[in-house]
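>>> model this:
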Amino acid sequence: MQVNHAFVPSNPQRGQSGQFVLDADLSSSAKCPQCLIDLPSNEAVLEHLQQENGCWPEVQDHHIPVPPAFLQSTKEAGKDDILGCYHPSSGYIFGKAPNILEAMESDQFAYRRCHTPFYPFQDQAEFELGKFLCERLTQSDIDRFLKLEWVCQAKPSFSSKDQLLAWMASLPTGPKWCSTTLEITGYPIIQPIQLIWRNGLDVVEDLFANPIFANHMTYDPHVVVDGDERKYSEYFTAKQAFEIQDQLPKGATIVPVIIASDKTPVMRHTGGLKMHPIFVSLANIQSDVRMRATSHAWRCVGFMPIPKFSDVHTDYQTILSQWLFHKCMDIIFADVKVTAMAGRFMPDSSGHLRHCYTPLAAYTADLPEQQAIACVSKVASPITLATSQSFGDSYHYAPRTKEHTLSVIYDICQRIDPWRLREFQEEAKAHSLSGVHQPFWRNWRFADPARFLAGEILHTCHEFFFNHPFKWSKELMKQMTGREHRDLQRTLVPSIARVAPPQFIHAIRTLIDFIYKAQNPVYTDTSVDSMVASLKEFHDHRQAILDAGARRGTKGMIDNFLIPKLKLLQSFAAFTKDIGAPIQWTADVTERLLITHCKLPFDRTSHQSCTFTEQIVDILNREESMRRFQLYLFLRMHNAPLTNAIVTEEQEITETDPALAWIAHIAPVQQLYVLPDFGQALSDYITKASNGQPLASWSSGHGRVRTWNKFRLQLHSVFHLRLIMPSQVVQAAPPSQTFPLGNCDAVVAQSIHGDWTVNIVAQVRAIFQPIPPCHGTLPDYLADKPLIYVQYYEIVGHPHDEPAISMPDGQRMRLGAVIPLTDVTHAVELIPMYGAGADRTVGAATSMELYEHFYLNNFSDKEIYHALRSDLH
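This is a model prediction of the structure:
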């Protein structure tokens, strides 16, 4: 239930710019989606439809995508312990309405495109040329290009940049970009404050009605139970979706809005102009699709300026900028907030009309921005009542709810005018608030920062790891170098094993355990508890980090763990049950969008400040038109189902990589690969495969083989068995100048001994296949069977033997064997046990051959982290 607080209005002498109030008429009229008569409200529309002789549409056959949690692979088919149910009154269909494709077909020039699909262009090649010029060149460069003699001889239909731009402007378009100039009276600025934006609701409707996502949409909250445990994955499987649905009219559809933002410089030649881009997506779009940048499931809705005020104290610069941010969010999402309160009839991606509500489900941002969004100071948590002095403890503080923050702001406003900046900000900071008095989420129904500021993997986990656990370890191992955050997580624990104190390693390992568990796409109550236990285990052992003197700052030793992001980790469990798996809220995709949506378009302006805003608006509108027209042409020219569009942009998840590329070697395998016992190992395999009766037509003594230097292994996901993961390359290259001892990877292979199936760790030293003799054939036991020569490792240490490290360890046996390639089940990573003094003469090219004892690295990737727990016994 939303609590509305009457804010003290801004000082009238400061002008309207300071009032930052969204005035929305929630009782505006509405139309019946069937007979189109005017009615006073959406509630009246529902009553009208439900009358005995009303115009509720006849039930028609329609297909609704099955949520991912209900899909099963062939391995899972027939399992009766996975149960589920939908919310009983969600997602009703109220008729038909045009989706965005059908709207394109009713464009003003649609009649011309019936016969000339590329109109106003002659053909696809000419459209692609025009699109390339608009995307890559400035307007002056386009004119110069079109005046080249070769281009004049080719005679494209457009002869000038003005004609080309006019044609692009005539294409079907989507939500329009515009600009609004803002000012805060009494606070002069260095450059005009210009907000470049488009209506957030228009963008939400456009995404919701996009036929590309028709097979990847979810409309109904649903519970999935595996055995005795509830599963949490997508937003609609978690608790919040049910809570919201219970408060909506019967038949309503939730359209959960996701926002992401980050401050980034978008110009290189205008003194470092900075904008604050705002991105939007929908939780209806399944997370595996939404998280792919190529699926275009995220849309930019605004570029907020980051103003510079003249003759204003630094403290006031910050608070005025934050006020401006919340005002801009009010402008962009005004209609979205109205729809969250009153509802709106919207077509979905399949053309079904739904009664939609738009709550704010998640906001992805880094910690400083989360604090600005939650309107708290830098010494406070944005999601709980914890403050800086308690960031290091393991106590779980109460959430910083919307009602709490608004009530404190209201009380302060009752006593102090917000425009008396110094007094108001001092009082706000005394309550751990920033001084913003009208947060954009104050009148957004269901929006609560304690719930929508979701645990974020990229900043809260990966950057936290690099800034803290990695640096702590580096203090003890001075020769460690920096690499990409996630790569370091894979190798850190085995690299410091038996060098750092066991309790120190234990603390580091449990933090990495937590980070890996936080990236699960699917949870149960048990796996959530396991994630919580890992964080608790860190707190139980963290004193070892201080005892080792590893926590240091610029002024020397630090004797505490007052780290804001460490405190945020405690919220991951609650977020998982409330809004779904944290991995779907990661900023990875939006970090990539900062380049494609922000920096590149802005680089194509003339860099003249007087026309800068107009140029950007034109460029953004043109890009939207070109992207939409390209989709239209794809569908028209290929006659393809709408859902195929995503597959053309990114390789289909079930498509395997190209077949094994092989190289025929003249030299015998055992000489080329330096494998003295290769012949005996192959002979032993043939004897076993032929049940002791090998045929003379092919033998290890005189048969020929073809060899490969690598193969690719593609597995089903541990979490979703219906998904096939990207392939992994397994190398088995012979000695060379670069790799004097060969370049060979490790795998887990299955070995059958009677009724038992045993998992064995081995290094692949050669990949080969017997070649049939001239005018002959191979025996059945050798036909169409790629083989591998491996050398086994003996697992000599169980994870429980060294709980600080919690990894299996093994030693090379140098015992060779030939097995079918199909026995390989996983590619794994082995890391040498370097010990207290690593041999500096050993490098990456030789370490696997010169060391004899290794750790089986369960942190090599998220899939293997969980697979090894169940596969290796």
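
>>> Only C-alpha atoms from now on, for both contacts and neighbour counts.
Fine.

>>> which helices and strands sit right next to the strand or helix carrying Ala544?
Remark: Ala544 resides in helix 543-547, with elements defined by DSSP states H and E. If you count contacts as 3 or more CA pairs under 8 Å, 6 or more residues apart in numbering; DSSP states H and E, helix 543-547 packs onto helix 502-517.

>>> Is Thr387 in contact with Val379, as I believe?
Yes: here Thr387 reaches Val379: they are 5.6 Å apart, a contact under CA atoms under 8 Å.

>>> Identify the contacts common to these two.
Counting by CA atoms under 8 Å, 6 or more residues apart in numbering, the contacts common to Thr387 and Val379 are Ser432.

>>> mind checking how far the closest residue in space to Asp366 that isn't next to it in sequence is from Gln122?
Using CA to CA, 6 or more residues apart in numbering and skipping the chain neighbours, the partner closest in space to Asp366 is His459 (5.9 Å). Note on His459: its distance to Gln122, by CA to CA, to the nearest Å, is 48 Å.

>>> okay, the two: which has more neighbours?
A count of neighbours by other CA atoms under 10 Å puts His459 above the other of His459 and Gln122, at 18 against 14.

>>> Give the helix, strand or coil label for that one.
helix (DSSP: H, G, I helix; E, B strand; the rest coil).

>>> For it, list the residues it contacts.
Per CA under 8 Å, 6+ apart, neighbours of His459: 366-367, 587.

>>> if we go to 10 Å?
His459 makes contact with 364-367, 465, 565, 586-588, according to CA atoms under 10 Å, 6 or more residues apart in numbering.

>>> How about His326?
Taking CA under 10 Å, 6+ apart, one finds 20, 332, 372-373, 375, 436-441 in contact with His326.

>>> Narrow those residues to those in strands?
Of those, none are assigned to strands by DSSP state E.

>>> Tell me which of those residues fall in helices.
The members of the contacts of His326 that map onto helices under DSSP state H are 332, 372-373.

>>> Nearest to Asp448 among the residues you listed?
Taking CA to CA as the measure, Asp448 sits nearest to Ile373 out of the ones in helices among the contacts of His326, at 10.7 Å.

>>> neighbours of the closest one, just the number please.
With other CA under 10 Å as criterion, Ile373 counts 22.

>>> ok, it to Asp262 distance?
Ile373 is 12 Å from Asp262, where distance means CA to CA.

>>> any idea which helix or strand carries Phe750?
Rather than Phe, residue 750 is Gln. Going by DSSP H and E, Gln750 is in strand 746-753.

>>> which helices and strands sit right next to that strand?
strand 728-733, strand 756-771, strand 787-797, strand 809-820, strand 824-828, helix 862-871 (3 or more CA pairs under 10 Å, 6 or more residues apart in numbering; DSSP states H and E).

>>> is it true that Pro521 touches Pro582?
Yes: counting by CA atoms under 10 Å, Pro582 is a contact partner of Pro521 at 7.8 Å.

>>> Neighbour count for these two, which is higher?
Using other CA under 10 Å, the more surrounded residue of Pro521 and Pro582 is Pro582, with 24 against 19.

>>> just to revisit the earlier point, which of the contacts of His459 are buried, as a PyMOL select command?
Entered in PyMOL, the line below selects the buried ones among those, by 16 or more other CA atoms under 10 Å:
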select buried, resi 364+365+366+367+465+565+586+587+588
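
>>> count of residues packed around Asp559?
Asp559: 14 neighbours (other CA under 10 Å).

>>> Who are the contact partners of the closest residue to it other than its chain neighbours?
Distances taken as CA to CA, 6+ apart put Leu546 closest to Asp559, at 6.2 Å, once the chain neighbours are dropped. Neighbour list for Leu546: 472, 504, 552, 557-561 [criterion: CA under 10 Å, 6+ apart].

>>> One more: Asp559?
543, 545-547, 549-552.

>>> Now distance to Leu320 and pLDDT too, for the residues you listed, in TSV please.
What follows is the contacts of Asp559, written out as TSV (distance: CA to CA, whole Å; pLDDT from 0 to 100):
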residue	distance to Leu320	pLDDT
Gln543	42	94
Ile545	41	93
Leu546	40	93
Asp547	44	92
Gly549	41	90
Ala550	39	90
Arg551	36	91
Arg552	35	88
